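Sequence first, predicted model second:
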Amino acid sequence: MGTNATLEMNSQAFRLPGELQSAVRTALQECKNQNVVSRVWGKDATLWTGKDEGKWLGWLDVVRQSREGIPQLEAIAADIKSAGMSQVLLLGMGGSSLCPEVVAKTFGQAAGYPRLLVLDSTDPAQIASFDRSVNPSKTAYIVSSKSGSTLEPNILQRYFFDRARSVLGAEDAAKRFIAITDPGSQLEQLARREGFRHILAGVPSIGGRFSALSNFGVAPAAIAGIDLRSFLGRTEEMVLACRNPSVEENPGLMLGVVLGTLGSKGHDKITMISSPGVSDLGAWLEQLIAESTGKLGKGLVPVDGEHCGPPDVYGRDRLFVYLRLESDASAEQDRALQALERAGHPVVTISIADRYNLGQEFFRWEFATAIAGSLMGINPFDQPDVEAAKVEARKLTSEYERTGSLAAERPMAQERGIQLFTDDANVAQLKKGDSSVRAMIKAHLDRIQPGDYFALLAYVEMNERHVEALQTIRHAVRDRRRVATCLGFGPRFLHSTGQLYKGGPNTGVFLQITCADATDLPVPDQKYTFSVVKAAQARGDFQVLLDRRRRAVRVHLTAGLDQGLAFLRELVEAGLTR
């Protein structure tokens, strides 16, 4: 394949093979003919499915609203700072936690301001690790939940409120808490009843994953010392650019057309390569793309966290997006992306001047995702299959409240502290004479075909050691099978890529990983514990994958976690041998 042609505009460059560039130009002309830009800003639901999309476009106007709210947020930040709080622990999930996490990891701790930490897990070891790292006397807690009824932030709030109350007493504990939630929610009612220090409102016309530039993203940023006047001022520049009716000069529309058009041409694995200084942006993009597009058997598969490899480890289903931070660019990454371009892979390069342009990327990608959804003929603002897993998890936690236990399970194979589980349909494909764990893992990996993706769904503590072990496994699969790979930690991925895995195209091969927790923590006022909640979420997630007839196997590690992951790596590497 020859050298890619290049289109450049608004800090982004598109290097596409000739046939893909022609398809993009045709789609752009159609957008122009259909007045797509004016219809987006006119909140015309017929641009998508004609249902309720018009009710979910509040994110188009939220930057202006957030700029008007800067004085209030600066006052809250000053209040937290003057109270001597050196840490802020945000308790959230999905759209309520991923943007603050990006802000915390991208900006770090600002001089004189508290350090921002984000907890979005029900894993007891992970919760205990955060618990050990915070001092209630010096910590502000942000409980962040749009609906105010999401399980994870609610039970995390109970746990940490109980911990703070044991140290400070009920009244002083309440003054350490801040709520961010939509008006009238259960969380708002609780916050008023308990006397939380501050209550900040969400915008009901914005869904969770589009809420980065509302209070769910900007309030934690302000409290952490980010200069919102600069941050949102620059973001407004991107908002104005995305109003441009000239389709070739509209950055959000152009990117969305490339995503949607290339996805329809088989380049549906959107692979993010990020400069070190913005490395966590991919986790936010992962949710935005997967949850917005993965439904009705369609979907763009975001691939975050794969190390950039040589061209020959990739299939022809990739679209590479290089998020290049100009102030922290990697020469090694530059060379790797150039090699991919020379090999004929489509590459989008987005140049980010510095960290304060992060808000521009939030808006650019929100707009682009809405455009891609229009081209795909879907509603990018709903998440029908996320609720299915929640329903299954609620059934199991309710059962535990009634009986004091979860139903016993029978593994299809077990060996050296590893148990395997799946349903009869998957067993029929996997058992071909040899029913050992080793043979089953190999048979599962042999089901991976060109154009598929492989996903590790790990319900274990998310720490550097476990990430490294699982990254080794995913890269072994990528390099030997030449397929895209995904790595998600439960339950956070349930509110992100979980929608795509269940509602998107049936091209995923899934390996869920659960473990016997070495420690557990109580959930105040409930019989179930955090370990039980995590187990129920994993089982519910797995059951819906099976109901959707996905190729899925669960690996349960009954011995030590590190030992189990090492053995699993051995099994996978052996199973990849033809």
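Perfect, I can see it now. Because the structure is predicted, anything quoted here is derived from the model rather than measured. Numbering: from 1, shown residues only.

Going toward the C-terminus from the helix or strand Glu392 falls within, what's the next helix or strand?
If you go by DSSP states H and E, Glu392 is part of helix 384-403. Where DSSP H and E defines the elements, the next helix or strand beyond helix 384-403 is strand 413-415.

which residues are contacting that next one?
419-420, 435-438, 440 (Cβ atoms under 8 Å, 6 or more residues apart in numbering). From N, CA and C alone the C-beta is placed, and that goes for glycine too.

same check, this time on stretch 156-171
Here stretch 156-171 makes contact (Cβ under 8 Å, 6+ apart) with 89, 91, 119, 122, 127, 131, 136-137, 139, 141, 143, 172-174, 176-177, 187, 190, 194-195, 521-525, 530.

just checking, next helix/strand downstream of the least confident helix or strand in the chain by mean pLDDT?
Using mean pLDDT, DSSP states H and E, strand 5-9 stands out as the lowest-scoring helix or strand of the chain, at a mean of 51. Heading C-terminal from strand 5-9, the first helix or strand you meet, by DSSP H and E, is strand 12-16.

tell me the average confidence for the next helix or strand after that next one?
As assigned by DSSP H and E, the chain's next helix or strand after strand 12-16 is helix 18-33. Average pLDDT, helix 18-33: 96.

starting at the chain centroid, how far to whatever helix or strand comes next after helix 18-33?
Once helix 18-33 ends, the next helix or strand along the chain (criterion: DSSP H and E) is helix 36-41. Offset of helix 36-41 from its chain centre (Cα atoms, centre = their mean, to the nearest Å): 27 Å.

Residues contacting the very next helix or strand once past helix 36-41, please?
Sequence order places helix 62-68 as the next helix or strand after helix 36-41, per DSSP H and E. Residues outside helix 62-68 that contact it (Cβ under 8 Å, 6+ apart) are 203, 206, 213-215, 218, 228-229, 232-233, 235-236, 239, 359, 363.

Out of those residues, flag the one nearest to Pro411.
Checking the contacts of helix 62-68 against Pro411 with Cβ to Cβ, the nearest one is Ile206 at 43.7 Å.

and the residue lying closest to that closest one once chain neighbours are set aside, how many residues sit next to it?
Among residues not flanking Ile206 along the chain, Gly58 sits closest, at 4.3 Å (Cβ to Cβ, 6 or more residues apart in numbering). By the criterion of other Cβ atoms under 10 Å, Gly58 has 18 neighbours.

next one: phi and psi at Asn35?
phi 50, psi 50 (degrees, to the nearest 10).

and the gap between it and Pro302?
29 Å (Cβ to Cβ, to the nearest Å).

Which one of those two is surrounded by more residues?
Between Asn35 and Pro302, counted using other Cβ under 10 Å, the more crowded position is Pro302 (27 against 13).

That one reaches Met272, doesn't it?
Yes. Between Pro302 and Met272 there is a contact at 6.7 Å, judged by Cβ atoms under 8 Å.

Next, show the common contact partners of these two.
In contact with both Pro302 and Met272: 282, 285-286, using Cβ under 8 Å, 6+ apart.

Closest one of these to Thr472?
Using Cβ to Cβ, these come closest to Thr472 at Gly282, 18.8 Å.

any idea which element the closest one lies in?
Here Gly282 is assigned to helix 281-293, by DSSP H and E.

Quick one: work out the angle between that helix and helix 384-403.
Helix 281-293 runs at 100 degrees relative to helix 384-403, counting by axes from the mean of the first three to the mean of the last three Cα atoms, to 10 degrees.

so what secondary structure elements neighbour the helix or strand following helix 281-293?
Going down the chain from helix 281-293, the next helix or strand is strand 301-303, by DSSP H and E. Under the contact definition 3 or more Cβ pairs under 8 Å, 6 or more residues apart in numbering; DSSP states H and E, strand 301-303 sits against strand 269-274, helix 281-293, strand 484-489.

which of those sits most buried?
Greatest average neighbour count among these goes to helix 281-293 (a mean of 26), per mean count of other Cβ atoms under 10 Å.
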